[in-house]
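> Here is a sequence with its predicted model. Questions after.
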Amino acid sequence: MGAKFNKHHGGWIILGTLVLAALFTVLPLPDWLEAYRPEWVALVVIYWVVALPDRIGLFSAWITGFFMDVLEGSLLGLNALALALVAYLALSLYQRMRMFTAIQQSSTILILAGIHQLLSFWVLTANSQNTAPNLIFMISALSSAIIWPFVFLALRYIRRTFNVA
Amino acid sequence: MLGLALLSMIMMLADSRFSYLSQVRFYASYLVTPLHWLADSPRSISDSVNSNLQSRSYLIGENQRLKQQLLQQQFELQKLEHLKAENIRLNELLNASSIVDERVVQAQLTGESPDPFTKRVLINKGSVHDVYIGQPVIDAFGLMGQIVDVEPYASWVLLITDPQHSTPIQINRNGNRAIASGTQDSLQRLVLNNISDTFDVVVGDVLVTSGFGGRFPAGYPVGVVSNVLHDPGEPFATVTVEPTAQLERSRNVLLLFK
């Protein structure tokens, strides 16, 4: 336990960034802006998976998603599944992600966030909570990709400042 | 990954079809409710700052206006008392069961569902305030929706404009009954389902709850008909309804207790 404790530190920082992302997710927005809200939690989970793949993985992502479901009042397990899938993909991509330029990273995020959205959309449709005939739900994947470089820089600054490992 | 995916799917199935997981959600929400309070804090702080920093003349003016409004409404209330008594007498003559008076408790909106395809809002009263699932929620102008999920200190309200929500209604003018549902393409309006072309409804008709289904008490305003379209190519008329409740603006709502 002691050795493990020395190796890993800054767990509170990780939790703090996740809570902040969750807060951004439920912050009230005007209706027209609602569809453009980036996937804050998915972005933060992806960052930590890429930065600390031995520490943040599927299970942490799943737990985060579970609490997001409770927070949003959505179907229990919906966000959990989507976030675990995103973490799984990020886990298989993290070595490449670290080498990517900002543009390449953003396009990867576009795809990951798109998968996250698509999965939620499928489940909601299967559960007949959703019959929207358009692709407007994909806009948030685009805004996530656009905002990713800033999230990345902010989180990297936090990680280095607080020496999260 | 497969294990977690399977677990999530089982959970989603259990959550959507059965109620095994409502306890899990209930206890987990103790952890996340503070986040909703935090997310709402800018608004509540600005509200309190606003009310503390009003100028004296504004307050005096508002006070006068409110007093006048109160007088007007008390005058109308006097007539209402009389009408209510008369109504009860007439109902007794008809051997109908008397209408029960409802008790209301005030609640405040503290959040909104981030999902752009649903219309759900969060209010700051929960199971510790005896809120129950299916409870009607109104604002000062009409029916807003019903409680679908109860947490200890908060509950989710499904608004009447949600595509999954339907409200049994009655036209105030002639007593015709219909069902008003939310639509996916506009989350601001309601439509009446399966209205034949001969159904007597015109623009401007006021719709009130019919009390059918036993969920909403009868007589609460739901909406005003804003458009009636008779398309010869369609089997039914398209009747669009604007909700009377200020679904997008009301901050103070009322919970009806039977």
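Sure thing, it's come through. This is a predicted model, so every value here is computed, not measured.
> Show me what from chain A comes close to chain B.
A:19, A:22-23, A:25-28, A:31, A:34-35, A:37, A:58-59, A:62, A:66-67, A:70-78, A:80-81, A:84-85, A:88, A:123-124, A:127, A:129-133, A:136-137 (C-beta under 8 Å from any C-beta of the partner chain). Using the backbone N, CA and C atoms, a C-beta is placed for each residue, glycine as well.
> Derive a PyMOL selection command for the buried subset of these.
Buried residues among the residues of chain A next to chain B (16 or more other C-beta atoms under 10 Å in any protein chain shown), as a PyMOL selection:
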select buried, chain A and resi 19+22+23+25+26+27+28+34+35+37+58+62+66+67+70+71+72+73+74+75+76+77+78+80+81+84+85+88+123+124+129+130+137
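> Next, the closest residue to residue B:228 other than its chain neighbours: phi, psi?
Nearest non-adjacent residue to residue B:228, counting by C-beta to C-beta, 6 or more residues apart in numbering or on different chains: residue B:239, 5.3 Å away. Here is the backbone geometry of residue B:239 (degrees, to the nearest 10): phi -110, psi 120.
> contacting residues around residue B:239?
Residue B:239 makes contact with B:178, B:191, B:192, B:195, B:201, B:225, B:227, B:228, B:229 under the criterion C-beta atoms under 8 Å, 6 or more residues apart in numbering or on different chains.
> how about 6 Å then?
Going by C-beta atoms under 6 Å, 6 or more residues apart in numbering or on different chains, residue B:239 touches B:192, B:195, B:201, B:228.
> For residue B:167, grab phi and psi.
phi -120, psi 130.
> Residue A:83 too?
phi -70, psi -40.
> Then residue B:248?
The phi/psi pair for residue B:248 (degrees, to the nearest 10) is phi -90, psi -20.
> Now do the strand or helix carrying residue B:8, average pLDDT.
Per DSSP states H and E, residue B:8 falls inside helix B:2-17. Average pLDDT, helix B:2-17: 84.
> How far away from the center of its chain is that helix?
31 Å (C-alpha atoms, centre = their mean, to the nearest Å).
> what do you get for stretch A:28-41?
The answer for stretch A:28-41 is 15 Å, by C-alpha atoms, centre = their mean.
> What are the contacting residues of it?
A:21-22, A:24-25, A:68, A:113, A:116, A:136, A:139-140, A:143-144, A:147, B:112, B:116.
> Just the buried ones among these, please.
Burial by neighbour count, judged by 16+ other C-beta under 10 Å, picks out A:21-22, A:24-25, A:68, A:113, A:116, A:140, A:143-144, A:147, B:112, B:116 from these.
> Please list the members of those residues that lie in strands.
Assigned to strands by DSSP state E, the following of the buried ones among the contacts of stretch A:28-41 qualify: residue B:112.
> Averaged pLDDT, whichever strand or helix holds residue B:73. What do you get?
Assigned by DSSP H and E, residue B:73 falls within helix B:56-93. Rounded to a whole number, the mean pLDDT of helix B:56-93 is 88.
> What residues sit buried inside it?
So, applying 16+ other C-beta under 10 Å, helix B:56-93 has no buried residues.
> What separation is there between residue B:244 and chain A?
19 Å (C-beta to the nearest C-beta, to the nearest Å).
> Oops, could you answer that again for residue B:204 instead?
From residue B:204 to chain A the distance is 26 Å (C-beta to the nearest C-beta).
> before we move on, what SS does that residue have?
coil (DSSP: H, G, I helix; E, B strand; the rest coil).
> residues in contact with it?
Residue B:204 neighbours (C-beta under 6 Å, 6+ apart): none.
> Got the phi and psi for residue B:145?
Per degrees, to the nearest 10, the backbone of residue B:145 is at phi 170, psi -160.
> Check residue B:198 too.
According to degrees, to the nearest 10, residue B:198 has phi -90, psi 0.
> picking that back up, need the buried ones among the contacts of stretch A:28-41 in CSV (columns: distance to residue B:245 and pLDDT).
Listed next are these as CSV, based on distance: C-beta to C-beta, whole Å; pLDDT from 0 to 100:
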residue, distance to residue B:245, pLDDT
A:21, 33, 94
A:22, 30, 93
A:24, 29, 91
A:25, 27, 90
A:68, 29, 93
A:113, 35, 93
A:116, 34, 92
A:140, 28, 90
A:143, 31, 94
A:144, 34, 94
A:147, 35, 95
B:112, 15, 85
B:116, 20, 75
